[in-house]
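> Would you be able to build a 3D model of this:
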Amino acid sequence: MRLHPAAYAVLSAVLFGLSPPLAKVLVRDLHPVALAGYLYLGAFLGLLVCTVLYRRGLSTRLSRGDLPLLAGAVLAGGVAAPVLMMKGLSVVSGFVASLLLNLESVATALIAMALFREHASRRFWAALGLICGGGVFLSWSPEGGAFELTGAVLIVLAMLLWGVDNNLTGLISDRDPVFIAMTKGLAGGAISLGIGAYLGVLSPPGGGVVLALLLGALSYGASLLLFIVALQRLGAARTGAYFSVAPFVGAAASLVILRESPGWAVLPAVLAMAAGVLLLVGERHEHPHRHARTVHEHFHSHDDGHHLHPHESRYHCHPHVHEELVHSHPHCPDTHHRHCH
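Take a look at the predicted model:
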């Protein structure tokens, strides 16, 4: 059963949103650099196990032009951002760290629109404002935990770098999403653990390391894979906006896991974020547009209105031709609709 494209982004957000409070527990015993490495190594191992179990082949067809984009995504989102995030988590509450996840969607959307010219309607901006406004309400709560400035700045920088990562990954999201996610997990984990070994901060194998690997498999591996699938179908800005539910998931999890109190601002924050998500779900962008003749290769299925050639119906990858086409239908700035407005 195929899910609605937004469902992939929301599921990704739920898995990632659970990571701040759980990582807050782990960072008490593991150095932030080491923890970041274990999380991304766990992402790689989890995806590797799934690939073997399902006997799924990997498509490594990346063009030479894709490699700088993948390398930039790995360095920004697979190395620098998680280290900054774990370092910030060591000095701020899990609740506050979860709230600051709101800035990832803002950074993703602004970069997508400023540098890559993704279209944004007034409805989209209103939705983004409501979702981020919910985070502001929660941040202002006087009972939300200590707001240590240095830690907050580190997490804000991590969100900016993940925004860069999201946009770079979006440009190659029509490649094999499993291969991209595994590459980011392996490279990010290896580099961070290499830095940790150089600094002498790696912990001996134990329960904390195992838990970090498991958390990485779910909150970074599975979440990243779902996020890339959403990027294919929604574009970076809208995927980032749906991903804005992650802070709320993390804040709610902090109440249970860390016993942190949110204060009075929970109700208006929930209402604002829910209203924003409803605006996004109801967004409809449609106008006549032209597709030029294209010969390319990417993962696709044959029920999306753009791949009508005879072939198997499940998701697959092969070179194919798109003849010139002019039509009108609801669409997002996905792989086939990155046109100007």
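> Can you give me the buried ones in the helix or strand harbouring residue 246?
Using DSSP states H and E, residue 246 maps to helix 246-257. Of all the residues in helix 246-257, those buried under the rule 16 or more other Cβ atoms under 10 Å are 246, 247, 248, 249, 250, 251, 252, 253, 254, 257. Glycine gets a C-beta too; all of them are placed from N, C-alpha and C.
> Extract the CA atoms of the following helix or strand past it and return them as CSV.
Downstream of helix 246-257, the first helix or strand assigned by DSSP H and E is helix 266-281. The C-alpha trace of helix 266-281 is given here as CSV (Å, rounded to 0.1, in the frame of the first residue of the first chain):
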residue,chain,number,x,y,z
VAL,A,266,1.3,23.5,25.8
LEU,A,267,-2.3,24.2,24.7
PRO,A,268,-1.7,27.2,22.4
ALA,A,269,1.4,25.5,21.0
VAL,A,270,-0.5,22.3,20.1
LEU,A,271,-3.3,24.4,18.5
ALA,A,272,-0.9,26.5,16.5
MET,A,273,1.1,23.5,15.2
ALA,A,274,-2.1,21.5,14.5
ALA,A,275,-3.5,24.4,12.5
GLY,A,276,-0.3,24.6,10.5
VAL,A,277,-0.3,21.0,9.6
LEU,A,278,-3.9,21.2,8.5
LEU,A,279,-3.1,24.1,6.2
LEU,A,280,-0.3,22.1,4.7
VAL,A,281,-2.4,19.0,4.2
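> which intervals of the protein have sub-threshold pLDDT?
Within the chain, the stretches with pLDDT under 70 are 1-2, 54-61, 116-120, 135-148, 262-266, 280-320, 322-341.
> Could you check which helix or strand contains the residue nearest the centre of it?
The centroid of the chain falls nearest to residue 227 when counting by Cα atoms, centre = their mean (4.9 Å). Using DSSP H and E, residue 227 sits within helix 223-234.
> What helices and strands are in contact with that helix?
Counting contacts by 3 or more Cβ pairs under 8 Å, 6 or more residues apart in numbering; DSSP states H and E, helix 223-234 packs against helix 5-17, helix 149-171, helix 177-199, helix 236-242.
> Now do the helix holding residue 246: distance to the chain's middle.
17 Å (Cα atoms, centre = their mean, to the nearest Å).
> Could you shift the numbering so residue one becomes 6, and keep it that way?
Sure thing, new numbering starts at 6, so read that last one as helix 251-262.
> Name the surrounding residues that touch it.
Helix 251-262 has contacts (Cβ atoms under 8 Å, 6 or more residues apart in numbering) with 18-19, 21-27, 29-30, 98-100, 102-107, 109, 139-140, 143, 265-267, 274-275, 278.
> any idea how far residue 185 is from the residue lying closest to residue 252 once chain neighbours are set aside?
Of all residues not flanking residue 252 in the chain, residue 106 sits nearest, at 4.1 Å (Cβ to Cβ, 6 or more residues apart in numbering). Residue 106 sits 22 Å away from residue 185, going by Cβ to Cβ, to the nearest Å.
> next one: residue 18
Between residue 18 and residue 185 the computed distance is 19 Å (Cβ to Cβ).
> for residue 28, same thing?
Here the criterion is Cβ to Cβ. By it, residue 28 lies 23 Å from residue 185.
> Please say which of the two ends up with more neighbours.
Ranked by neighbour count (other Cβ atoms under 10 Å), residue 28 and residue 185 place residue 28 first, with 27 against 24.
> Now do the contacts for the more buried one.
40, 44, 90, 91, 94, 220.
> Assign a three-state SS to it, would you?
What DSSP: H, G, I helix; E, B strand; the rest coil gives for residue 28 is helix.
> which SS class is the nearest residue to residue 67 once chain neighbours are set aside?
Take residue 67 and drop its neighbours on the chain: the residue closest to it by Cβ to Cβ, 6+ apart is residue 180, 6.0 Å away. Classification of residue 180 by three-state DSSP places it in coil.
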